[in-house]
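Chemist: Generate a structure from the sequence data that follows.
(chains A and B)
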Number of protein chains: 2
Amino acid sequence: MVPRSEYEERQQRTRHRAAALGLSALVCVSGPFYERPGDVAYLCGHFPPFPTSEGDGEVAGTGHAVLVLDRERTVLLVDTPCYREDLVVASEVRVARDLWREAARLLERASGPLGCVGWDRLPAEGLEALRAAAPGLVRADDVVRALRRRKSPLEVELLRAACACAREVLLASAASCLAGVSEREVSARGVAAGLLAGADFVRYLRVHSGPWSAWPTRWPPATDRLLEKGDLVLLDAVGARSGYAFDVGRTSLVGFDALPWQRHLLEATQKALGRALEAIRPGKRAGDVAAAVLAAYEAAGLREHASPFVGHGIGIETVEAPLLREGSQQVLQEGAVLCVEPAVYVPGRGGACVEEVVVVVEGGCEVLSATVPRRLWE
Amino acid sequence: MVPRSEYEERQQRTRHRAAALGLSALVCVSGPFYERPGDVAYLCGHFPPFPTSEGDGEVAGTGHAVLVLDRERTVLLVDTPCYREDLVVASEVRVARDLWREAARLLERASGPLGCVGWDRLPAEGLEALRAAAPGLVRADDVVRALRRRKSPLEVELLRAACACAREVLLASAASCLAGVSEREVSARGVAAGLLAGADFVRYLRVHSGPWSAWPTRWPPATDRLLEKGDLVLLDAVGARSGYAFDVGRTSLVGFDALPWQRHLLEATQKALGRALEAIRPGKRAGDVAAAVLAAYEAAGLREHASPFVGHGIGIETVEAPLLREGSQQVLQEGAVLCVEPAVYVPGRGGACVEEVVVVVEGGCEVLSATVPRRLWE
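Modeler: Modelled structure (predicted):
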C-alpha cells in the first residue's frame, strides 16, 4: 500500500503545478475502483466501491469521487460513508447524495481561476453543475496526469506485484487450454487464480480461441466455444492489485504442435517484442516503439496483418498515456510504465500476441512481467 | 440473446418518442460492457469490448460507443473494427479513432433540434465536441430510459437467466464460508462458479466477514481476512450474463450457530424483505418499498441501523432507475425489474442483508432469483 507521506507529497506537487498555471484550486473527478479511479485515487487513496449509475434528481454522481484541492486543503467528496478512513489522506471527507451539487457548492466559495482534472471522465451533468458555480472552469487534466505518468519506485514495485497476479492468471489458464475445454472454463480458472493471488478484481480474462484468435478484442471475453487441438488461444489478463493495474497477455496453442504458419506468427511476434523492448528508452517517442514492431512484422512478411496499436501506459488505470501507436510524438520518460503488446491478426485464420509490462529506466527498460513464461505454445 | 426484430422495435419506438418531443435526431452515448453499456446496447446490441481510457489528441472516446438515430437511419460509431457484426443491428457501423469528432461530424449534417441520451455518461470532452457541432443539443435521457425501465417478456427471461448465474456464485461462495478460509478464497470460488455458469463477467463478489459485515460496501470487495467461527458474512454477487445484469445478495454465518443478536438481525431482514415484496405492485412508489422495509426494522427495534437505501432497478446495467429510497416518488410500473435489498448494519458488530431480483407484475411481483436459498445461516 502507498504510505501517507507519498500521498501528501503527491498533493503538494499537484498544488505547486496548479499554482504555476495560475489556478487557485483544482476539482478532480474519477470513477469507481474497477473503472478509471485514477486521479482521485492517486491523490488521496480513495477507490470508490460502488458502481456508477443513473441518478434520480436527488441522488447523482454515484460511483464517482470528487477531490477539491485548494492552496491549503484537500476535500474529498464521496457517495457513501463506507470509505476506508484508514487509507484515505485528505483534510476533510464529506458524504454527499449529489456529488455534483456538493462539488459546485465548494467551487462557489473558491476565488480565482479553477481547473478540472478528469475532463474525459466527468459526465455532462456534472460539468453543467460545476460550470454553473464556476463558469471559468478549465480543463486541467495534465496537472495530475503528468505526475501519474512517471511512477515512483514504490509504484513500480506495486505494478510488479500486480504482474505477479497476472502470472497466476496466465499460468492457470494456459494449463487449462486443452482440447474439449471451453473458453469459459479457461477463463474461470484463470480469474480464480488471479483473485487467490491477491487481485482486487479481475476485470476479465480474454480467451480467444481458434478463429477468434484473429480478434484483438471481443464481447464477451470468453464464450462457450470448445478448444480444439491445434487452436491458437489468446489470453489477456486484466485487473488490479492494491489499486495498481495489470494487463499481461500470452498466446497458447492447444496440443503444443504448431503448424508452420502458426509458428511463423508466434516467432515473428516474439521478435517484434524484442525489437520493441530495444527501442524503449527515455527520450524516444511512443511512435518509435510502434515503428520498431511494425518493421519487425514487415521483415516477416506480416506487416498487413500487424496491429498498428502496440501498447499503452499503465498505472492505477489499465490504459494510460502514452498510447503506443504509429506516428505518436509522445516522449517516453524515465519512470513511465508501459504495456508493450505486438500482435498480428490474420482474418479467418488466427493471431498471436504477447504483452509485457515494462518500466522505462536510464538507457532502456526493465520488464516487470518477466516471471510469466513467454513461450506458452511449446 | 435478443433477436433482430426486438432491436428494430426498440429503435422504432425510440424514433416515435423523439419525434413526439420534436427532436429530429438523437445521439446516444454509452460505456464498455462492464460499465454502463445501457442505452446503446439496448438499442442495437453493441457491447463495447475495450476499456475506457484517456486519449492523446488523435484518439478519444475509447471504450465508449455512440449511436446516432435520425428519422430513417441508425449509425453506430465504434472504437474498434472488432464489433460483433452477427449481433449488432444498425443501418451503418463506422469505426472512428476519435468517437466525439466523428459524432460531431454526423450531427453537423443533421437539421432541427437534437437530443442526447447518456447525459450522465458522456464525458465533458465529448459534450464540448458535440456542442460545437450542435449548439442546441439538449439532454434527452428519458427518451430511451423510459423504454428501458419496462422490460419485455424476453428481457425478464434474460434477467432470470442472469439470476441463475448469481445462484451458482452464491452457492459456491456460501459453501466456502468456513473458519480459516479467507474472504479472498470465498470470492475466487464464487466468481469462478459464476463464470462457469455462463456469466459474461463477474464485476465482483463482495465478501464482508465478521466486523466487515457492518459495511454495506467496501474497497476491495474481498480481503485476506480469515473467516472465524460465528462470523456473519455478507455475499453480494454482481455481474452479467448475455448482456443482462445480476445483483443478488445473501448473508451466511460461519458455523451455522447464530448468537441471539445475529439471529435477530437475520430474521428481521427476512421479515423486512417479506414486507417489501408485499408492498410492490404497479402504481406504488419507490418510497413505499423503502417505507415498508424501514417499518419492519422499526418493529424489530433496528430502525437506526437499517439502510435507508433498499434497492434499485436492474437491466442491462446493474443500477438503473428507480432508486428505492425513502421519499422517492418514482412510480413502479408493470414490467419493471427491481433489486430489493433490505439491510441492517450495526457498527462494530455486524450486519445482515438479503437481495432479491423481482419483476413487477399485475397485482404484485414475481421473484426472479427465487432459486437461491434465502437462509444460508442455518
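
Chemist: Which helix or strand contains the closest residue to chain B within the stretch 1-150 of chain A?
Modeler: Nearest to chain B in the stretch 1-150 of chain A, going by CB to the nearest CB, is residue A:53, at a distance of 3.3 Å. In this view, the C-beta of every residue, glycine as well, is placed from N, C-alpha and C. Element membership for residue A:53 (DSSP states H and E) is empty, with no helix or strand holding it.

Chemist: how far away is the residue lying closest to it once chain neighbours are set aside from residue B:339?
Modeler: Residue nearest to residue A:53 in three dimensions, not counting chain neighbours: residue B:319, with 3.3 Å by CB to CB, 6 or more residues apart in numbering or on different chains. Per CB to CB, to the nearest Å, residue B:319 is found 8 Å from residue B:339.

Chemist: same question, residue A:88
Modeler: 28 Å.

Chemist: Going toward the C-terminus from the longest helix along chain A, what's the next helix or strand?
Modeler: In chain A, taking DSSP state H as the definition, the longest helix is helix A:153-175. Using DSSP H and E, the helix or strand that follows helix A:153-175 in sequence is helix A:183-196.

Chemist: Surely residue A:34 is in a helix?
Modeler: No: Residue A:34 is assigned coil when assessed by DSSP: H, G, I helix; E, B strand; the rest coil, not a helix.

Chemist: what's the neighbour count on it?
Modeler: Residues within reach of residue A:34, counting by other CB atoms under 10 Å in any protein chain shown, total 27.

Chemist: now residue A:58
Modeler: Using other CB under 10 Å: residue A:58 sits among 12 other residues.

Chemist: what does the stretch 1-150 of chain A have sitting close to chain B?
Modeler: A:31-36, A:47-56, A:58-60, A:62, A:80, A:82, A:84, A:116, A:119-127, A:139, A:141, A:145 (CB under 8 Å from any CB of the partner chain).

Chemist: Give me the buried subset of the residues you listed.
Modeler: Among the residues of the stretch 1-150 of chain A next to chain B, those buried by neighbour count (16 or more other CB atoms under 10 Å in any protein chain shown) are A:31-36, A:47-56, A:59-60, A:62, A:80, A:82, A:116, A:119-127, A:139, A:141, A:145.

Chemist: Filter these down to just the ones in helices.
Modeler: A:124, A:125, A:126, A:127, A:141, A:145.

Chemist: my read: the second one touches residue A:60, true?
Modeler: Yes: shown here, residue A:125 and residue A:60 form a contact pair, counting by CB atoms under 8 Å, at 6.5 Å.

Chemist: any common contacting residues for these two?
Modeler: A:100, B:120 (CB atoms under 8 Å, 6 or more residues apart in numbering or on different chains).

Chemist: Tell me which residues touch residue A:29, please.
Modeler: A:39, A:40, A:64, A:65, A:66, A:103, A:116, A:117, A:118, A:121, A:122, A:126.

Chemist: for residue A:368, that is, sorry about that
Modeler: Here residue A:368 is in contact with A:156, A:159, A:160, A:163, A:337, A:356, A:357, A:358, A:359 (CB under 8 Å, 6+ apart).

Chemist: tilt between the helix or strand where the last one lies and helix A:153-175?
Modeler: The one in question is residue A:359. Here residue A:359 sits within strand A:356-361, counting by DSSP H and E. If you take axes from the mean of the first three to the mean of the last three CA atoms, to 10 degrees, strand A:356-361 sits at 160 degrees to helix A:153-175.

Chemist: quick check: domain ranges of chain A?
Modeler: A:4-148, A:153-367 (automatic domain parsing).

Chemist: pretty sure residue A:17 is in a helix, no?
Modeler: Yes: assignment of residue A:17 by three-state DSSP places it within a helix.

Chemist: what about the nearest residue to it once chain neighbours are set aside, neighbour count?
Modeler: Spatially, and ignoring its direct neighbours in sequence, residue A:17 is nearest to residue A:143 (4.8 Å; CB to CB, 6+ apart). Close neighbours of residue A:143, defined as other CB under 10 Å, add up to 25.
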